[in-house]
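> Here's my sequence, what's the structure:
(one chain, ligands or ions: 1)
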Amino acid sequence: MEKNDYILPLYNRLDISFIKGKKSILYDENGKDYIDFASGVGVNSLGYANKKIVKTIKEQTKKVVHTSNIYRIKSQEKCAKKIVELSTYNMQCFFCNSGAEANESAIKLARKYGNTAFETPKYKIITIKNSFHGRTIATLKATAQEDKHKYFAPYPDGFIYANDINDAISMIDDTTVGVMLELILGEGGIFMQDILEVQKLEKVLKEKKLLLIIDEVQTGVYRSGNFLISQYFGINPEIVTLAKGLASGIPIGVMMTSLKDIFSFGDHGSTFGGNHLSTTVCNKVLDILEKYSNSGKLSENIKYFNSCLQYFVETYPNIFLQKNGFGFMQGLVIKDEIDLNDIINLALKNGVLILKSGKNIIRFLPPIIISKSEITQGFQRFEDTILSL
Ligand SMILES: *Cc1c(COP(=O)(O)O)cnc(C)c1O
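Alright, predicted model coming up:
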C-alpha cells in the first residue's frame, strides 16, 4: 500500500476504505459489501447506523456534548448506575476514554491501595504471559509481552509476569498488591482461563487482602453472552476495566471498583471522560443490549456462531487445529504452515472481515447484535475463502 505523507506509519493497514455500514455489513467505495466478523476490533457492538444510536447522537449534540467534570453530568450518573447494576458488583465507576486509560486508572488505584492499606507498602502487579493491557508506558509495561518493551525504557517499576494462573499464585510475595488478568487473552490467542484456577487465585488474593483486577476491555459488554465474563467465572474482583463495546464506537472507558474510599479529590481524573455525549450514547447502547440479551436472541446466535466454527474445525482438519474462545469472542487456530495474512486478505476479497490474534489464530469478534442470516452469509464467504486457499 502507498505511504501517507502525513500519518505516522504505525499500522499495517489493509488497502480498503469503508464509507458506510448497515447492521453488521460494511460497504467500500465501490459499493461492495462485507460481512463484519471484526466490529472494529470489538467496538461496534450494535453494528453500523443503528437508528436509535443515530438519533441519540443527533439529539445529544444539539443540546450539549461536553461540559467538564467540574460540573454534575446527569447522563454520567445514570450510566454509572446502569453499569454497576448490570455488573451485579457493589462498585463505583470512573469514566475515561479508552481501555489503556481504564487500566492506567486501575494501576493507580491499586498503587494507592498498596501504599495506604498495609504497614509496609505493596506495589507489585502480576500479569499473565501474552496479555495485552494497553500502549501507555505503564499499561505497556503491564502487558506481559517483552518483545513489545524493547524501545521505550525506562518503565515504572512493579510489573512482573507469570506464565499462567498457578505461576501467578506462586509469585505473590510481600510487595505484591494484586493480579491483573484477562479472562480470555484477546491479543494473545483467545485463550480462556480455567474457572477453578481463577477462583483459586481469587481465594489466595482475598486471604491476603490483595486485589483481583479483571481487564474486561475486550471480554466485557455482552461479548461473552453475560454483561461481564467475570460473572460467568463466579468471582468478585476488586477492580474491573471496560472500554471497547460500551458505546458502539464513541470513545469511552470505565474503571469500576469495590474500593470506594481509596481515591480522594485530585488523585485522578480526566478532561473528556464521562462527558454528555459518550455517556448518553453508552446508556442507549446498554439499554438496547440488555433487552437483546434478555430476549434470548444473543445466546441463540452465539450458539449458532459456535456451531459454524465447529463445522470448520471438523470439516477442514488440514487447516484448523482447534477452536478457542467463548461467546462472541472466538478463535480458530490454524496450522503453522498456513499464512494467516493470506487468509485475512482472501477473506477480504470474498467479502468477510476477520481478525488475527497471536501468530496463528483467526479471531472473530462480530457485532453483538449480528443476525443469524448475517452469520450464515459471513461463514459462506469464509468457506469460499478456505476453499480458495
Ligand atoms: C483493546 C484492549 C486494551 C486497550 O484499549 P485501548 O482502547 O486501545 O487503549 C486493553 N486491554 C484489552 C484486554 C484490550 O483488548
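> ok, which stretches of the stretch 51-200 of the chain are helices?
51-63, 74-87, 99-116, 137-142, 165-171, 195-207 (DSSP state H, counting those that start in this stretch).
> Tabulate those helices (JSON lines), appending mean pLDDT and mean neighbour count.
No exception for glycine: its C-beta is placed from N, CA and C like everyone else's. Shown next, in JSON lines, are the helices of the stretch 51-200 of the chain (pLDDT from 0 to 100; neighbours: other CB atoms under 10 Å):
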{"stretch": "helix 51-63", "mean pLDDT": "98", "mean neighbour count": "13"}
{"stretch": "helix 74-87", "mean pLDDT": "98", "mean neighbour count": "18"}
{"stretch": "helix 99-116", "mean pLDDT": "98", "mean neighbour count": "23"}
{"stretch": "helix 137-142", "mean pLDDT": "98", "mean neighbour count": "22"}
{"stretch": "helix 165-171", "mean pLDDT": "98", "mean neighbour count": "16"}
{"stretch": "helix 195-207", "mean pLDDT": "98", "mean neighbour count": "16"}
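> mind putting those helices in CSV, distance to Ile334 included?
As requested, these are exported to CSV (distance: least, CB to CB, whole Å):
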stretch, distance to Ile334
helix 51-63, 35
helix 74-87, 35
helix 99-116, 27
helix 137-142, 28
helix 165-171, 26
helix 195-207, 27
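> what's the closest of these to Leu183?
Across these, Leu183 has its closest neighbour in helix 195-207 (6.9 Å, CB to CB).
> Give me the contact list for that closest one.
164-166, 168-169, 172, 178-179, 181, 183, 211-212, 232-237 (CB atoms under 8 Å, 6 or more residues apart in numbering).
> For ChimeraX, write the selection for the buried entries among these.
ChimeraX command restricting the contacts of helix 195-207 to the buried ones, with burial defined by 16 or more other CB atoms under 10 Å:
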select :165,168,169,172,178,179,181,183,211,212,232,233,235,237
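> Tell me which entries of the contacts of helix 195-207 lie within strands.
Members of these lying in strands (criterion: DSSP state E): Gly178, Val179, Leu181, Leu211, Leu212.
> which one of those is nearest Gly331?
The nearest member of these to Gly331, counting by CB to CB, is Leu181 at 18.1 Å.
> who's in contact with the residue in the stretch 1-150 of the chain positioned nearest to the ligand?
When distances are taken as CB to the nearest ligand atom, the stretch 1-150 of the chain reaches nearest to the ligand at Gly99, 2.2 Å away. Contacts for Gly99 were tallied using CB under 8 Å, 6+ apart; they are His133, Gly134, Asp215, Val217, Gln218, Thr241, Ala243, Lys244, Gly253.
> from the chain's centre, how far out does stretch 291-309 sit?
Distance, stretch centre to chain centre, for stretch 291-309: 19 Å (CA atoms, centre = their mean, to the nearest Å).
> how about that stretch: buried residues?
Neighbour-count burial for stretch 291-309 flags Tyr292, Ser293, Leu298, Asn301, Ile302, Phe305, Asn306, Cys308, Leu309 (criterion: 16+ other CB under 10 Å).
> swap in stretch 325-341?
Within stretch 325-341, the residues that count as buried by 16+ other CB under 10 Å are Gly325, Phe326, Gly327, Phe328, Met329, Gln330, Gly331, Leu332, Val333, Ile334, Leu340.
> quick one: the residue nearest to the spatial centre of the chain and the ligand, what's the gap?
Taking CA atoms, centre = their mean, the centroid of the chain lies closest to Gln218, which sits 1.2 Å from it. Counting by CB to the nearest ligand atom, to the nearest Å, the gap from Gln218 to the ligand is 3 Å.
> again with Val333
With distances taken as CB to the nearest ligand atom, Val333 is found 19 Å from the ligand.
> tell me the contacts of that residue?
Contacts for Val333 (CB under 8 Å, 6+ apart) come out as Gly189, Phe320, Leu321, Gln322, Lys323, Asn324, Asn360, Ile361.
> mean confidence for whichever strand or helix holds it?
Here Val333, judged by DSSP states H and E, is contained in strand 329-334. Here strand 329-334 scores 98 as its mean pLDDT.
> centre of the chain versus it, how much separation?
Strand 329-334 sits 16 Å away from the centroid of its parent chain (CA atoms, centre = their mean).
> Can you identify the element that follows it toward the C-terminus?
As assigned by DSSP H and E, the chain's next helix or strand after strand 329-334 is helix 340-349.
> list the helices and strands that next one packs on?
Applying 3 or more CB pairs under 8 Å, 6 or more residues apart in numbering; DSSP states H and E, one finds that helix 340-349 makes contact with strand 355-357, strand 361-364, helix 372-387.
> Brilliant, that's me finished.
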